[in-house]
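Novice: After the sequence you'll find the predicted model.
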Amino acid sequence: MADLGVMAILLGMALSAYSVIGSVIGVKIEMPALVVSARRALYMTMVAAFVASGALIAAFVQNEFAIKYVAEHSNSVMDRAFVWVAFYSGNEGSLLYIVLALSIMSAIAIWFAPKRMERSMPWTIAILAFVQLFYFFVLVFFASPFELIDIIPEDGRGINPLLTHPGMFSHPPMLMGGLIAITIPFAFASGALISGNYADDWVDVARVSAILAWGVLGAGMLIGAWWAYTILGWGGYWGWDPIENVALMPWLVLTAFIHSIMVQKRRGMFRMWNVALLNIAFVLAQLGMFINRGGPVVSVHSFASSTLGIIFLSFMLLSLLFAFGLFLWRMPQLKSNRAMESFMSREAAFLVNNFLFLAVMAVTLWGVVFPLFSDLARDVSVSVSAHYFDRANGPILLGIVLMMGVGPLLPWRKSSARSLKRWLAWPLIFAALTVIVLVALGVKRPIAILSFGVVAFTAASIMEEWWRGTAARHRSGDNWAMAWWRLVNGNRPRHGGYIVHLSILMLGLGIIGTNFYQQRTDGALALGESLVIDNYRIEYIDSDSSSRSDRIAQWADMSIYRIDPADYADEISFARAQGSDGFTLKDSTRRPNDRLIGQIQPWHGFYTDFNMVSVRSGIRSTIVEDLYVIPRDFLADGRISLAVSINPLAWWLWASGPFFILGTMVALWPQPVLERRPARSENKIRAMATGDL
Amino acid sequence: MAIALGALLAFFVVAVIAYPFVGSQRYRLVSQRSVNREKLRAERMRVYRKISDLEVDNESGDLTESDFQAQRDLLRVTAAKILREESGPDGPTMDSDEQLEQEISRMRDRSTRSSEGGGQSK
C-alpha cells in the first residue's frame, strides 16, 4: 500500500501544479483547451487524494506496521472502528485528510459554480489548486504518511488514548475540514477580483460555501467541547487553549462575514469589508495550521512537529501578502456607491455586530501570539491564562448577544423612534421580568443577572419577530402552524439565522450557569463511604478492573442520592466554615430523606505505551444541572480519589448543537424557483419591460 | 500489484486531462455576451428576491406602507429594465452593468426627492 500511496500523492502534487500553471497560462494566451484541461486536473487531484487516503486506511486495516505512521498510530488490539480516527490522528495523516477534504470541496464547488462566473473561474481554480499544491508538497517532501521503517515491529504503539472517544469520529475532521473549507469562498472572491469581475456574482457562492465552512467549524468546536468535558478530566469544556483559539478566530470572522454579506446582497453595501473579512478568515485559517503543526505552543490538540513550523509560517505569510496585495490593488473598484442612511437601521446593527466579532477575535489573537512574541523577543516563556480571555471577551460576547436581539428588530435603511420603541417594548419587558424573578429566587451576582437578562431580551426579540410574521400570515387565512412554516420558508436565510441565534442563547445559558455557579469539591473515598455536595450524596459501592496489552483500566460503581440538606446541617456548616462546597462521610447510613436517583460508573485507564492516563467522568445530567464525577486515581489502599462538581445548566451547552445544525441547514436550504416568488410583481414587471405600462 | 494500480491511475488521469487537446470537441472561451446574459438573469433573480424579501418585511410590519411601495416600485422598474435588456434585439452590451447601476441611481435619487417632497413614487 505504501507504493500506491506514494504514487498517488506524487500524482496529486503534479496535477495541482499543472492545474495552477494551466489555468493561468490558458487564460493569458487565450487557449480554451488548456483551461479545460487544467480544470480537469483539479478534479483529478480529488481522485489522487482518494487513492492515497484509501491506501493509508487499507494499511491500517491490514496492520502494515512496516509503514511508520501505521506503527505509531495503531496496534493489533485497536478496535477496528477507530481506523478512521487513526487515519488523521497524527500529523502526516491529518495533512492527507486535509488535502482530501479540500480536493473534494474544490471539485464540488467548481462543478456547481454558476456559468456567469466562467471568466473568473480559471483564477479561482488556480488559487484552489495552489493551496492543494502546498499540502501535497508538504506530504511529498516533509510529512509522508507512507514512510517505511527498517525494523518492522511486531505490534504498533497504538492510538492515542485521548482519541478513543466517539467525539473523535467527527471533531477533528470537522475542525480541519471547516478550516480548510474557508479556502473555497476566499478563492471565489479572489478569482473574481483578479479577473476584474467587480459585480456581486461571487456573493452567492461565497455565502453558501462560507456558511458551510462556518457550520462545520462551529459544530466541530462544540463536539470538541463535549469531548473535553467527558474525557479530559478537568471538569471544563473550553480552556482557551491556543488550538481551540485558532479554530475560534476564523469562525468569529466568518460569523461577521455571513451577516455582512446579507447587507451586500440586500443593499449593495460593504463590498470592501466583505472581501477583507474573507481575507482575514483565510489567513487566520492558515495561522491555525501553523500553530497546530508548527509546534510553537504546547496543547492537548497540537501535533507539535516543529520541523514543519517554518513551512507553514511561510505559507501563512504568503497568504497574507497575496490576499491583502490583491485587496489593495482592487480596492478602488470595490467601493460601494451607497452610504448608510441611518444608524438606527439593520445594516448599522450588522456593522456594530461585525466590530464586536472582530474585537473578540483581536483579543483572542493577542492572547495566542503574545506568548510567542514574548518567547522570541525576550526569551521568556509566558502563558496567557483563561482568566484573561474570560475577562476581556466576556463583556464583548454579551454585547454580541444583545445585538442579536436588537438587530432583527431594526428595519433596513432607517427606523423611526416610535416604531423602535414599539418593537423593543416586549423584549425589554420580558428581560425586566426575568431579572425580577431571578432576584426574587435569590440569584445574587449582578453580572450573572445582567447576562440572564440579555439572553431573555434576545430570546423575546426572536419570538416577537416570529409572532409578528406569523400573525400577519394568520390574518391572511393560514392556520397558525402553516403561517409559521410559510414565514420560515419565505426567507430561509433569515429564519435559519434566528434558529442559530436560539442555539447561541442556549449555549449562553450553559456558559453563564457553569461559569458563575459551579460548585466543586474533592476527596478520597473508601468502599462504603460517601461524598456530599449541595443536595447530592455519592456513595462508593464497588470497583473493578481489567488489564489489556495496551492499558490497565479501573472503574467504580457509585450510587447517587438526593438528600435533604437539613439532614446534614451540622456537616454542611462545618464544611462551609472550612471554605469547602462538600465533605466526605465515613458513615453512609441513609438519612431519612435520602432518595436514590441514579448510578454512575466513572472510569480510569492507564496506557502504558503512552505513559498516559485517560478518564471517563461519571455524569448525571439533567436540564437544571450536571453532577460531574472525575476519577482522579485509584489509590493503593483501595480508596478512590475524586473531584466532584455541580455544573448548573451544562445540559444546555450540548442541547444547543442540534439547533445550531438545524438552523444552519435551514439557512442553506435552496430557495424555491425565484421567478415564481414575486407573483404579484411578475406581470407588472413584464408589462413594464415591454412598454405596456 | 500496487505499482500496477499506480500506473493505471496515472494513465487514467493523463487521459482525462489530455482529452481537451486531442478529442473531437473544440473548446471556445465563453463569450462575453453569454456571460453578460447569464449575469443579467442572475441580477434579475436578485431583484426578484429583493421584492420577495420586501413583501415579507411589509407583511411582518417591518416597513411603513409608503417606504414599502417606494422601494418595491423602484425594484420593479429595475427588474423591468433588466428584462428589457435581456430580451433586447442586440442582447446585452458590454457595459450593461454600469448602465444599470446608473439607471438605478437616477431612479433612487428621483424616489428620494419625491419622498422628501411628501409624495409617493408610483
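Specialist: Ah, there it is. Keep in mind that what you see is a predicted model, and the values were worked out from it rather than measured. Numbering: from 1, shown residues only, chains lettered A, B, ... in the order given.

Novice: burial count for residue B:87?
Specialist: Neighbours of residue B:87 under the rule other C-beta atoms under 10 Å in any protein chain shown: 12. Glycine gets a C-beta too; all of them are placed from N, C-alpha and C.

Novice: The residue of the stretch 101-250 of chain A found nearest chain B: neighbouring residues, count only.
Specialist: Ranked by C-beta to the nearest C-beta, the top residue of the stretch 101-250 of chain A for proximity to chain B is residue A:116, at 3.8 Å. Residue A:116 has 22 neighbouring residues, counting by other C-beta under 10 Å.

Novice: Over to residue B:78?
Specialist: Residue B:78: 22 surrounding residues under other C-beta under 10 Å.

Novice: could you measure it against chain A, distance?
Specialist: 9 Å (C-beta to the nearest C-beta, to the nearest Å).

Novice: Mind naming the longest helix for the chain?
Specialist: Chain wasn't specified; assuming chain A. Secondary structure of chain A read by DSSP state H shows that its longest helix is helix A:346-378.

Novice: wait, I meant chain B there
Specialist: When chain B is parsed with DSSP H, its longest helix is helix B:32-59.

Novice: May I see the buried residues of that one?
Specialist: Judged by neighbour count using 16 or more other C-beta atoms under 10 Å in any protein chain shown, the buried positions of helix B:32-59 are B:35-59.

Novice: what subset of these is also close to chain A?
Specialist: Contacts with chain A within these, as defined by C-beta under 8 Å from any C-beta of the partner chain: B:35, B:38-39, B:41-43, B:45-46, B:48-53, B:55-57, B:59.

Novice: Residue A:499 reaches residue A:658, doesn't it?
Specialist: No: when contacts are counted by C-beta atoms under 8 Å, residue A:499 is not listed as touching residue A:658 (10.1 Å).

Novice: higher neighbour count, these two?
Specialist: Per other C-beta under 10 Å, whichever of residue A:499 and residue A:658 has more neighbours is residue A:499, with 19 against 12.

Novice: Identify the residues contacting the more buried one.
Specialist: When contacts are counted by C-beta atoms under 8 Å, 6 or more residues apart in numbering or on different chains, residue A:499 is found next to A:659, A:662, A:663, A:666.

Novice: Near residue A:121, how many residues? Count them for me, please.
Specialist: 22.

Novice: What of the one 4 residues further on?
Specialist: The criterion is other C-beta under 10 Å. On that basis, residue A:125 has 29 neighbouring residues.

Novice: now swap in the one 5 residues further on and tell me
Specialist: Burial measure for residue A:130: 21 neighbouring residues, criterion other C-beta under 10 Å.

Novice: Leaving out the residues flanking it, which one is nearest to it?
Specialist: In space, and not counting its chain neighbours, residue A:130 is closest to residue A:20: 5.0 Å by C-beta to C-beta, 6 or more residues apart in numbering or on different chains.

Novice: and what of residue A:62?
Specialist: residue A:1 is the one closest to residue A:62 (C-beta to C-beta, 6+ apart), at 7.3 Å.

Novice: Just the local confidence number for the one you found, please.
Specialist: pLDDT recorded at residue A:1 is 78.

Novice: if we can go back for a sec, select from the contacts of residue A:499 the one having the most neighbours.
Specialist: residue A:663 (21 neighbours).

Novice: looking at this, that residue is in a helix?
Specialist: Yes: secondary structure assignment places residue A:663 in a helix (DSSP: H, G, I helix; E, B strand; the rest coil).

Novice: got the contact list for it?
Specialist: Contacts here follow C-beta under 8 Å, 6+ apart; on that basis residue A:663 touches A:496, A:497, A:498, A:499, A:500, A:501, A:502, A:503.

Novice: looking at these, which has the most residues close by?
Specialist: Comparing the contacts of residue A:663 on neighbour count, residue A:500 comes out first with 26 neighbours (neighbours: other C-beta under 10 Å).

Novice: Return the set of residues that bridge with the residue found closest to residue A:630 once you drop the neighbours it is linked to in the chain.
Specialist: Excluding the flanking residues, the one nearest residue A:630 by C-beta to C-beta, 6+ apart is residue A:643, at 4.4 Å. Per DSSP bridges, the residues bridged to residue A:643 are residue A:522, residue A:630.

Novice: how many other residues sit next to residue A:643?
Specialist: As a burial measure, residue A:643 scores 17 neighbours (other C-beta under 10 Å).

Novice: Residue A:534 now?
Specialist: By other C-beta under 10 Å, the residues close to residue A:534 number 18.

Novice: Make sure it is actually in contact with residue A:647.
Specialist: No: between residue A:534 and residue A:647 there is no contact under C-beta under 8 Å: 11.3 Å.

Novice: Give the buried residues for the longest helix of chain A.
Specialist: Across helix A:346-378, burial judged by 16+ other C-beta under 10 Å covers A:346-354, A:356-361, A:363-365, A:367-369, A:371.

Novice: when you scan the helix or strand just after it, is anything in it near chain B?
Specialist: Sequence order places helix A:386-406 as the next helix or strand after helix A:346-378, per DSSP states H and E. No: judged by C-beta under 8 Å from any C-beta, helix A:386-406 makes no contact with chain B; its nearest approach is 13.9 Å.

Novice: show me what contacts residue A:223?
Specialist: Counting by C-beta under 8 Å, 6+ apart, residue A:223 makes contact with A:167, A:170, A:171, A:174, A:657.

Novice: export those to JSON lines and tack on secondary structure and neighbour count?
Specialist: Formatted as JSON lines, the contacts of residue A:223 follow (DSSP: H, G, I helix; E, B strand; the rest coil; neighbours: other C-beta atoms under 10 Å in any protein chain shown):
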{"residue": "A:167", "secondary structure": "helix", "neighbour count": "20"}
{"residue": "A:170", "secondary structure": "coil", "neighbour count": "18"}
{"residue": "A:171", "secondary structure": "helix", "neighbour count": "24"}
{"residue": "A:174", "secondary structure": "helix", "neighbour count": "23"}
{"residue": "A:657", "secondary structure": "helix", "neighbour count": "18"}
